[in-house]
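> sequence plus predicted model, see below.
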Amino acid sequence: MNNNLVVYNTLTRKKEVFEPINAPFVGMYVCGPTVYGDVHLGNCRTFISFDLIYRYLVHLKYKVRYVRNITDAGHLEGDHDEGDDKFSKKARLEKLEPMEIVQRYTIGFHDVLRIFNTIPPNIEPTATGHIAEQIEMVKEIIDNGFAYKINGSVYFDVEKYSKEYNYTILTNRNIDDLIANSRDLGGQDEKKGRLDFALWIKAKPEHIMRWPSPWGWGFPGWHIECSAMSSKYLGDTFDIHGGGMDLAATHHTNEIAQSQACHHTEPAKYWLHTNMLTVNGTRMSKSAGNGFLPAELFTGNHHLLKRGFSPMTVRFFMLQAHYRSTLDFSNEALEASDKGFRRLMNACALVEKLQTSDHSDVDIAKLSRRCYDAMNDDFNSPVAIAELFEAARVINSIHDGKTCIDQANLSLLSTLIHDFVYDILGLKEETIQTDEMGPLVDFIINLRLQARADKDYATSDKIRNGLFDLGIQLKDNKESTSWSKV
RNA sequence: GGUCGGAUGGCCGAGUGGCUAGGCAGAGGUCUGCAAAACCUCCUACAGCGGUUCGAAUCCGCUUCCGACCUCCA
């Protein structure tokens, strides 16, 4: 077991050595999407970041239970703890059942994440599937004295909680300032304190998504589902809780409060937060209307895009930035990643074809060590990728016959590429039909070789240009001609 | 207004008290029938102003600018 891994813990605001509570087992909970609309690229970044983290933990031989929820109930439009939830509103707009909305966008979410080559979580619980657990948790919080009932709704008493616990432990804010600065919600508010939040919300007569509870018909507040489901599947205290940075101040702060109030323990040892994807320096978000949909990016069908970019290019682009840094989205940046990604993958494809020598000019163990050092330093994929480009340079140089490698080092190199490029970074070759096309292309290449041997360059160039238009690029070496997809 | 985080070469992005990533773009070269690819070489930056230090892009202070959170958002 590798215990050199260091992770940045939002809770302590510093990097800490990663020590699972129950090694080799690791429990990881990541806040998933609210499925009332299409996921945009910003959402995808978070899930791709945690996919990287999950993949690396698995690579380190941890037995990870990865839980990521689907929020399909209880997420209100505003924070007034009144009015519609997002599903009811969307359902009315589209004249559908709320659960049709949920189903449609859950499927869309899964499709997108599959395209990005992310590994599904081990458990993907839904809020609607865990109403009973949420009710039980609310009851317990009431029994422990940290929540109160009003008119069929239940609210968490932040002021009371903050007398015994540090409510703002995650974000280190001053609670008095928070109270002073939080928005005045106007006259109809049922809540006692401005920071109080709903655990259970009474359903209005027209509200479709409703369940019976000790407090009448209603639906759960947004935050309680994660507390209920994470503790159900991972225990009262588990190893990693993750999500986007935007969730830390409110959602995760409230999760910690609920769990403390219910279980008298902090829910997670390490809190990991991923940073935002920005467009022109501003956060991509649904409400700001600057969100790209994955489909728009792939097709290039968006007014800010010059052309489309493939899913793996986008994944690679995201992994070239550290997960805790903002990443700005632009045509130029995508273009650069696209070219770099292809160069890397072309080199990786050459590894199996390399010839060995009886001595080696390269020390792959050292290179490998640097890749691990990078990933062990809070999953620093950009540095790992930089090292992999060094590997690519080595591979190309060997392939060109300018550098020698022995069998032992070649074996290490092959393992390095396999482990890091494919398993950990989760990149994959996007070209399809290579196996079927191979013999066909080889046949054409042989025809062209004959033409070249006859110095019939008109024909040989015609073949090369024709294949290029079909997306196949020929590369003439001294001895032979190789090809790759454009 | 409060809290927090940033400002790195043409662009994107790591790093962080001395060894000064990487990708893309650009320049030159090798190879080649010509290309392409690949390889080699070059381009050596850390917002501004002070301070600490033998030495700072990295630490401290101030200034300017930007962003996030504080309201649903990954």
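The structure has been received and is ready for your questions.
> and A:Met28, what are its phi and psi?
phi -130, psi 120 (degrees, to the nearest 10).
> same question for A:Ile240.
phi -120, psi 130.
> burial measure for it, as a count.
Counted with other CB atoms under 10 Å, the neighbours of A:Ile240 add up to 25. Where C-beta positions appear, they are placed from N, C-alpha and C, glycine not excepted.
> I'd say it and A:Pro267 touch.
No - contact criterion CB atoms under 8 Å: A:Ile240 and A:Pro267 do not qualify, at 10.7 Å.
> where along the stretch 1-150 of chain A do the strands fall?
Ranges of strands in the stretch 1-150 of chain A, per DSSP state E, counting those that start in this stretch, are A:6-9, A:14-17, A:25-30, A:63-68, A:147-150.
> which of those strands has the lowest average pLDDT?
Lowest mean pLDDT of the strands of the stretch 1-150 of chain A: strand A:14-17, a mean of 89.
> that one vs RNA strand B: in contact?
No - between strand A:14-17 and RNA strand B, judged by CB under 7 Å from any atom of the strand, nothing touches; the nearest distance is 8.9 Å.
> report the buried residues of that strand.
When neighbours are counted by 16 or more other CB atoms under 10 Å, no buried residue of strand A:14-17 is found.
> list the strands paired with that strand, with their directions.
strand A:6-9 (antiparallel) (DSSP bridges).
> deepest of the strands of the stretch 1-150 of chain A, which one?
strand A:25-30 (a mean of 24; mean count of other CB atoms under 10 Å).
> can you confirm whether that one lies near RNA strand B?
No - residues of strand A:25-30 contacting RNA strand B under CB under 7 Å from any atom of the strand: none, with a closest distance of 8.4 Å.
> C-alpha coordinates for that strand, PDB please?
Taking Å, rounded to 0.1, in the frame of the first residue of the first chain, the C-alpha atoms of strand A:25-30 are listed here in PDB:
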ATOM      1  CA  PHE A  25     -10.800   0.200   2.400                       C
ATOM      2  CA  VAL A  26     -11.700   3.800   1.300                       C
ATOM      3  CA  GLY A  27     -15.100   5.300   1.400                       C
ATOM      4  CA  MET A  28     -15.600   8.200  -1.000                       C
ATOM      5  CA  TYR A  29     -18.800  10.200  -1.400                       C
ATOM      6  CA  VAL A  30     -19.100  12.700  -4.200                       C
END
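> for that strand, packing partners?
helix A:41-59, strand A:63-68, helix A:222-234, strand A:238-244 (3 or more CB pairs under 8 Å, 6 or more residues apart in numbering; DSSP states H and E).
> against which helices or strands is the first one packed?
Looking back up the chat, that one is helix A:41-59. Using 3+ CB pairs under 8 Å, 6+ apart, helix A:41-59 is in contact with strand A:25-30, strand A:63-68, helix A:98-115, strand A:238-244, strand A:268-274, strand A:277-279, helix A:294-299, helix A:311-319.
> can I get those in JSON lines with distance to A:Leu41?
Below are the helices and strands packed on helix A:41-59 laid out as JSON lines (distance: least, CB to CB, whole Å):
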{"stretch": "strand A:25-30", "distance to A:Leu41": "17"}
{"stretch": "strand A:63-68", "distance to A:Leu41": "18"}
{"stretch": "helix A:98-115", "distance to A:Leu41": "9"}
{"stretch": "strand A:238-244", "distance to A:Leu41": "13"}
{"stretch": "strand A:268-274", "distance to A:Leu41": "13"}
{"stretch": "strand A:277-279", "distance to A:Leu41": "6"}
{"stretch": "helix A:294-299", "distance to A:Leu41": "6"}
{"stretch": "helix A:311-319", "distance to A:Leu41": "7"}
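> ok, of those, where does mean pLDDT dip lowest?
strand A:277-279 (a mean of 89).
> from the chain's centroid, how far away is that one?
15 Å (CA atoms, centre = their mean, to the nearest Å).
> what strands flank that strand, and is each parallel or antiparallel?
Partners of strand A:277-279 in its sheet, by DSSP bridges: strand A:282-283 (antiparallel), strand A:327-329 (parallel).
> and A:Ser482, which of the helices and strands packed on strand A:25-30 is closest to it?
Evaluated over the helices and strands packed on strand A:25-30, closeness to A:Ser482 peaks at helix A:41-59, with 30.6 Å, by CB to CB.
> buried ones in that closest one, by neighbour count?
With burial defined by 16+ other CB under 10 Å, the residues of helix A:41-59 counted as buried are A:41-58.
> the residues you listed also near RNA strand B: which ones?
A:Gly42, A:Asn43, A:Arg45, A:Thr46.
> assess the claim that the first one and A:Thr274 are in contact.
No - taking CB under 8 Å as the definition, A:Gly42 is not a contact partner of A:Thr274, at 9.9 Å.
> shared neighbours, these two?
In terms of CB atoms under 8 Å, 6 or more residues apart in numbering, A:Gly42 and A:Thr274 are both contacted by the residues A:Gly244.
> would you map out the domains in chain A?
A:6-274, A:278-424, A:434-485 (automatic domain parsing).
> how long is the longest one from one end to the other?
Right, the one you point to is domain A:6-274. The first and final residues of domain A:6-274 sit 16 Å from each other (CA to CA, to the nearest Å).
> same check, this time on the second one
Terminal residues of domain A:278-424 lie 25 Å apart, using CA to CA.
> tell me the most buried of the domains of chain A?
For the domains of chain A, the highest mean count by mean count of other CB under 10 Å goes to domain A:6-274, at a mean of 19.
> next one: that one to chain centre, how far?
17 Å.
> and if you look at stretch A:346-366?
That offset, for stretch A:346-366, works out to 32 Å (CA atoms, centre = their mean).
> on that earlier part again, would you format the strands of the stretch 1-150 of chain A as TSV with distance to A:Asn346 included?
Converted to TSV, those look like this (distance: least, CB to CB, whole Å):
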stretch	distance to A:Asn346
strand A:6-9	33
strand A:14-17	35
strand A:25-30	33
strand A:63-68	32
strand A:147-150	59
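> ok, which of the ones you listed comes nearest A:Asp419?
Nearest to A:Asp419, of the strands of the stretch 1-150 of chain A and by CB to CB, is strand A:63-68 at 16.6 Å.
> the closest residue to RNA strand B within chain A bridge partners, please.
Nearest residue of chain A to RNA strand B (CB to the nearest atom of the strand) works out as A:Gly244 at 1.6 Å. Note on A:Gly244: beta-bridge partners A:Thr274, judged by DSSP bridges.
> just checking, it touches A:Phe47?
No - the criterion here is CB under 8 Å, and A:Gly244 misses it with A:Phe47 at 9.6 Å.
> distance of the spatially most central residue of chain A relative to A:Ser230?
Nearest to the mean C-alpha position of chain A, by CA atoms, centre = their mean, lies A:Phe47 at 1.6 Å. As defined by CB to CB, to the nearest Å, A:Phe47 lies at a distance of 17 Å from A:Ser230.
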